[in-house]
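1. show me the folded form of this:
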Amino acid sequence: MPTLETERLLLRDFALTDWDELNALVSDPSVTRFMHFAHWDEAKRREWFTWLVQNANNPKTDAYNWAMTLKSNGMLIGWLFIGGPRRPLEAGCGYALHQHFWGQGYMPETLRAAIEYEFSTLGTRRITAECETQNTASARVMQKSGMVHEGTFYEPDFEGNWAHRHHYAISKQDRASL
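-> Take a look at the predicted model:
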């Protein structure tokens, strides 16, 4: 998987040494209160983490899971997923950021870099994201990243957790006109 660089961050593969930081992130109720991670126990988080590390070396992967790290010190501050089985027609994305780094522009910076990579390098045509309606900060991240609100729906996530969710998207054509 490629490493992406932004002004303040490196987006890289997850390594076995990331377990403690990633586990702390996705077990923090303030971070995950609107996410499927909120329902996971440590065994489920460990299983997912093992898959993240193994999948990073899969040349046929249909998605990337990036560790968001600070350039200044290498600290892992978040996670970004982008991709899916419909690529290059469409990719979905999801993310989590350590609460200490909220409100500082890290997530839009990360998402814009991943969107650019998807469109310019992978030829993805459209990227989608969703968040629960109460998660106004996540909706704002999508807006700051150039995504447009397409509607709000009551539906389950991929694990069957029902909620009202805002849907956002951006197309390669729309991104070119920004």
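2. ok, longest helix in the chain?
-> Assignment by DSSP state H gives helix 42-55 as the longest helix of the chain.
3. figure out how far that helix is from the centre of its chain.
-> 16 Å (Cα atoms, centre = their mean, to the nearest Å).
4. packing partners for it?
-> helix 19-26 (3 or more Cβ pairs under 8 Å, 6 or more residues apart in numbering; DSSP states H and E). Bear in mind the C-beta positions are built from the backbone N, C-alpha and C, glycine included.
5. tell me how many other residues crowd Ala91.
-> Around Ala91 there are 26 other residues, counting by other Cβ atoms under 10 Å.
6. quick check: it vs Tyr64, distance?
-> Remark: distance between Ala91 and Tyr64 (Cβ to Cβ, to the nearest Å) = 9 Å.
7. and if you look at Trp40?
-> Taking Cβ to Cβ as the measure, Trp40 falls 21 Å from Tyr64.
8. what's the longest helix of the chain in contact with?
-> Applying Cβ atoms under 8 Å, 6 or more residues apart in numbering, the contact partners of helix 42-55 are 13-16, 18-19, 22-23, 26-27, 37, 40, 61, 65.
9. which of these count as buried?
-> 13-14, 18-19, 22, 26, 37, 40, 65 (16 or more other Cβ atoms under 10 Å).
10. before we move on, back to that, by how many degrees do the longest helix of the chain and helix 19-26 diverge?
-> 120 degrees (axes from the mean of the first three to the mean of the last three Cα atoms, to 10 degrees).
11. for the record, mean pLDDT for helix 42-55?
-> The average pLDDT for helix 42-55 rounds to 95.
12. and the following helix or strand past that helix, what does it pack against?
-> Downstream of helix 42-55, the next assigned helix or strand under DSSP states H and E is strand 63-70. Secondary-structure packing of strand 63-70 (3+ Cβ pairs under 8 Å, 6+ apart): strand 9-12, strand 76-83, helix 106-117.
13. now find how far off-centre the first one is within its chain.
-> In other words, strand 9-12. 13 Å.
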